[in-house]
Structures are given as structure tokens and as C-alpha cells.
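Q: need a 3D model of the sequence below.
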Amino acid sequence: MAREAIRTEGLTKRFGAVTALDGLDLEVRRGEIFGFLGPNGAGKTTAIRLLLGLMRPTAGRAWILGTPVSDVAKVHRHIGYVPGEVSVWPQLTGMEVLTYLGRLHGQVDTAYRDELIERLRLDPSVRARAYSKGNRQKVALVAALMTRPDVLLLDEPTSGLDPLMEAEFQTLVREAVARGQTVFLSSHLLDEVEDLCERVAILRAGRLVEVAELASLRAMSTSVFEATYEGPPPELTNLPGVTSIEVNDGVLRVTVTGPPGPTLERLASAGPTRLRTHEPSLEEVFLTYYREDAAGEEAAR
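A: Numbers count the residues shown, from 1 in each chain. Here you go, the predicted model:
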């Protein structure tokens with residue numbers, strides 16, 4: 001049996017002159033929650049649709065649990081999928097939708113299905129046409145989880161959920177991984193990914209920018225400093241490596257990539273009353289990668 005839950009080699013998808021996904025090489029280990037990051041249009045949904053066999057790649061290959069994704073019938077027996085935009089049959093009730101989808105899959109833990117319905121506070125007697133976006137999302141989550149699939153492909157799964165249900169979703173995901181399931185979480189909600197994932201991939205304009213452990217990604221090359229001044233703060237815009245500067249209520253917050261020495265010297269020269277550093281958030285790391293990539297493209301022109 002394959003060591004990886006998901007593997008891609010040179011996975012590429014072009015739509016005419018537009019390259020939506022460009023040579024994706026990726027490995028997702030069994031039993032992990034893997035974050036797949038990027039803004040809208042980065043290629044995240046295209047990658048997931050290729051993994052589902054919903055479209056054919058222009059080039060490259062992909063496997064789920066060692067099975068080529070082109071073997072759709074076999075692959076789909078082992079996966080659960082939650083899209084960011086859920087459409088359901090409007091004339092059916094929530095339970096009728098779940099029953100139908102369960103019969104298509106062929107293997108449903110009905111006791112667990114009923115538990116999910118209760119935990120996600122879904123009324124299954126309501127016809128789907130009356131569901132809000134959040135309730136349609138709950139139907140999709142129950143449908144994906146109730147079969148206890150080996151691999152969960154989640155594309156913006158908490159879209160439309162309130163904060164209480166987002167917290168319950170995170171609990172369900174952790175429980176799934178504790179049972180040995182694999183979760184591939186595509187999201188632009190960096191807080192959600194930071195709370196759940198140990199490893200992440202960053203995608204930009206269809207290309208893979210980085211794959212790394214979250215802890216090592218934070219420590220790789222980014223420093224965040226906060227300095228408090230009684231007078232005006234020093235000028236930092238001309239310093240190499242400075243990617244972000246914010247001033248709020250006399251507190252200067254600066255993000256630096258690469259060696260922080262020149263920035264620290266400039267901060268200290270202005271006589272701060274307080275100077276501290278902290279671990280960058282995933283959002284700060286993410287934005288650093290996007291700024292660096294955009295700057296590289298600009299320099300290449």
C-alpha cells in the first residue's frame with residue numbers, strides 16, 4: 001500500500017492560453033492535516049478537481065492511496081469531498097439528500113451520520129431549497145464525513161458557517177485524523193489552517209511556492225519586531241528585507257525577511273522605550289512569500 005495518501009507529479013491544467021495549475025509536485029502523508037494555501041484564483045480548486053477526476057490534466061499524474069485518479073470509481077470509494085459552493089437538490093429534504101448520497105457511496109455509518117447532524121445543528125427535515133448557505137455546507141460536511149473516508153478533500157469547507165460551527169468543524173477534523181484519516185484542507189482562512197495543520201503548501205498563480213512544516217516555515221526567514229517610541233519612529237522603507245511597516249499608537253511593527261541586523265540597528269538608533277520580537281503568524285509568512293514572488297516577477301521584467 002502506498003505510503004502517501006496523495007501524490008502528484010508535474011500536475012498541470014491549462015484552459016487555452018491560461019495555465020490554472022503549473023507542474024504541481026506534491027506528497028501528502030497518511031494521517032495528517034495538510035494545508036493548501038492561496039488566494040482565489042491561485043489554482044487550489046483546479047488541483048482538487050483534478051484529484052477527484054472531475055477534469056483531465058493537460059500534463060502530469062496524480063494518485064490517491066496509490067491508485068491513479070483516472071480510476072475514478074476505485075478512488076471515490078476512499079474519499080470524501082466538500083466544495084466551497086454547495087448545490088443540492090432543492091426539492092429534497094436534508095435527510096433525503098444524505099440518504100441518496102449514502103446509497104451512491106454504498107457504505108454509511110448511520111449512527112455517526114445522526115451524531116454529525118446533531119453536532120452540526122442541522123435540521124434534516126427541511127427541504128434543501130430553504131437552507132441557507134451555511135446549512136447547505138453542513139449537509140456537505142455530513143455527507144463527506146459519514147462514510148468515514150480514508151481521505152477528505154476539503155475546499156473552503158467552513159464557507160458560510162458561524163464561529164461556533166467552525167469550532168465544531170475543527171473538532172471533527174481532529175477526530176478524523178485521530179482515527180487515521182487524512183485531511184487535505186484548501187483554504188484562504190489562514191487562522192483556520194494555522195489552528196489545524198502541521199504542514200502547508202503555498203500556491204501562487206498556479207505554481208507551488210513552498211511546502212514546509214508550519215513551525216519551520218515561520219522560522220525560515222521572517223522576523224517580526226515591535227518597537228515603542230516617545231518621539232517619531234525611524235525611517236525604515238529604504239532598508240533591505242523590510243516587507244511590512246505598521247504604526248499604531250506609537251508602536252512600530254515591522255516584518256523583515258533575511259538578516260535582521262540592519263533593521264535592528266535602525267530601530268535601536270532611535271531610542272525605543274520598548275523593543276520586542278515575536279514568532280510570525282502564518283498570515284505574515286504567507287504575505288512575505290507573495291511579496292517576494294511579486295518582487296521577483298517585477299525585477300524579471
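Q: didn't Pro39 look like it was pressed against Leu189?
A: No. Pro39 sits out of contact with Leu189 when judged by Cβ atoms under 8 Å, with a separation of 11.3 Å. For every residue, glycine as well, the C-beta is placed using N, CA and C.
Q: please enumerate the strands of the stretch 51-200 of the chain.
A: Using DSSP state E, counting those that start in this stretch, the strands of the stretch 51-200 of the chain run over 59-64, 67-68, 79-82, 151-155, 182-187, 199-204.
Q: so how far is Thr147 from the closest residue in space to Ala144 that isn't next to it in sequence?
A: Closest residue to Ala144 apart from its sequence neighbours, by Cβ to Cβ, 6 or more residues apart in numbering: Gly80 at 3.4 Å. Going from Gly80 to Thr147 by Cβ to Cβ, to the nearest Å gives 6 Å.
Q: and for Arg121?
A: Counting by Cβ to Cβ, the gap from Arg121 to Thr147 is 21 Å.
Q: have a look at those two and say which one is more surrounded.
A: For Arg121 versus Thr147, neighbours defined as other Cβ atoms under 10 Å are more numerous around Thr147 (22 against 13).
Q: quick one: contacts for that one?
A: When contacts are counted by Cβ atoms under 8 Å, 6 or more residues apart in numbering, Thr147 touches Gly80, Gly102, His105, Gln107, Val108, Asp109.
Q: check contacts around the third one.
A: When contacts are counted by Cβ under 8 Å, 6+ apart, His105 touches His76, Arg77, Thr147.
Q: helix/strand/coil for Arg7?
A: Judged by DSSP: H, G, I helix; E, B strand; the rest coil, the three-state class of Arg7 is strand.
Q: gap between it and Leu122?
A: Going from Arg7 to Leu122 by Cβ to Cβ gives 34 Å.
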